[in-house]
Each structure stands twice: as C-alpha cells, then as structure tokens.
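Visitor: below are the sequence and a predicted model for it; my questions follow.
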Amino acid sequence: DLVESGGGLVQAGGSLRLSCVASGLPFKDYVMGWFRQAPGKEREGISSINSDDDATVYADSVKGRFTISRDNAKNTAYLQMNSLKPEDTAVYYCAARWWSSYDYDYWGQGTQVTVSS
C-alpha cells in the first residue's frame, strides 16, 4: 500500500510537502513517482526518483520548483513543492514500480492540493 499525506489549501507562492508512506513492498527496490490529475485533464507524471542511485526526473512544468526525495529507512517518498501556482491545483498521487519495470504497480489514493490566486 501507498498512503499520501500533506495536501491542502495554499496561496500562490506558498509551499507544501507531500509524503508517501509505503508498506508491504521492498521499498528500496522500487522507483517512486509522483503524478497529478486536474479536473478535466489527463494524469500527468511530474517526477520520479530511482531506487538505486536516487537519480531524479522532473516534468518541465515543475522543474526548479518541486523536489522529490526518498528515505528508505522510513519507506517514505516526499515531494517538496515551492512557488506553487494556481495551475498546480490537482489531486496528487504517488506510485511505485519495480526498478526494472516500465509500469507502475502500486498507487496511492491521492491527496488534494489546491492553490488559490
């Protein structure tokens, strides 16, 4: 299971940190990703972090503002979101995939992030 937390309502320019706690899987062997879906829009992959070398990838829409990290000792992935914009408003999901897989196998229930202007 993956359980997200940390969403909420914030003003534009503010910050939030999302957490994703994993259970029931060997966390250190899984690539962790963050996705979001706004109303009426397709789901967007915004960031991922490798299981071995902690290499990270960001979508252009969040590059320079969001930071993904992980703490394998706590089975937790994080998404630090700074300089938030109204267009960042969405339900944010964390997901996990086996390090050699292309598909995400585990998904959280999502946490709402709302950025007011």
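Guide: On my side now, so go ahead.

Visitor: make it CA atoms for all contacts and neighbour counts henceforth
Guide: Fine.

Visitor: the residue nearest in space to the middle of the chain and Lys28, how far apart?
Guide: In the chain, the C-alpha closest to the average C-alpha coordinate belongs to Trp34, at a distance of 2.8 Å (CA atoms, centre = their mean). As judged by CA to CA, to the nearest Å, Trp34 and Lys28 stand 16 Å apart.

Visitor: wait, a strand at the residue nearest to the centre of the chain?
Guide: Yes - using DSSP: H, G, I helix; E, B strand; the rest coil, the assignment for Trp34 is a strand.

Visitor: start the count at 527, not 1, going forward
Guide: Understood, numbering begins at 527; the last thing we discussed is Trp560.

Visitor: correct me, but it touches Tyr619?
Guide: Yes - using CA atoms under 8 Å, Trp560 is in contact with Tyr619, at 5.7 Å.

Visitor: how many residues are close by the nearest residue to Leu610 once chain neighbours are set aside?
Guide: The shortest distance from Leu610 to any non-neighbouring residue, by CA to CA, 6 or more residues apart in numbering, is to Gly539 (4.9 Å). Residues contacting Gly539 under the criterion other CA atoms under 10 Å number 14.
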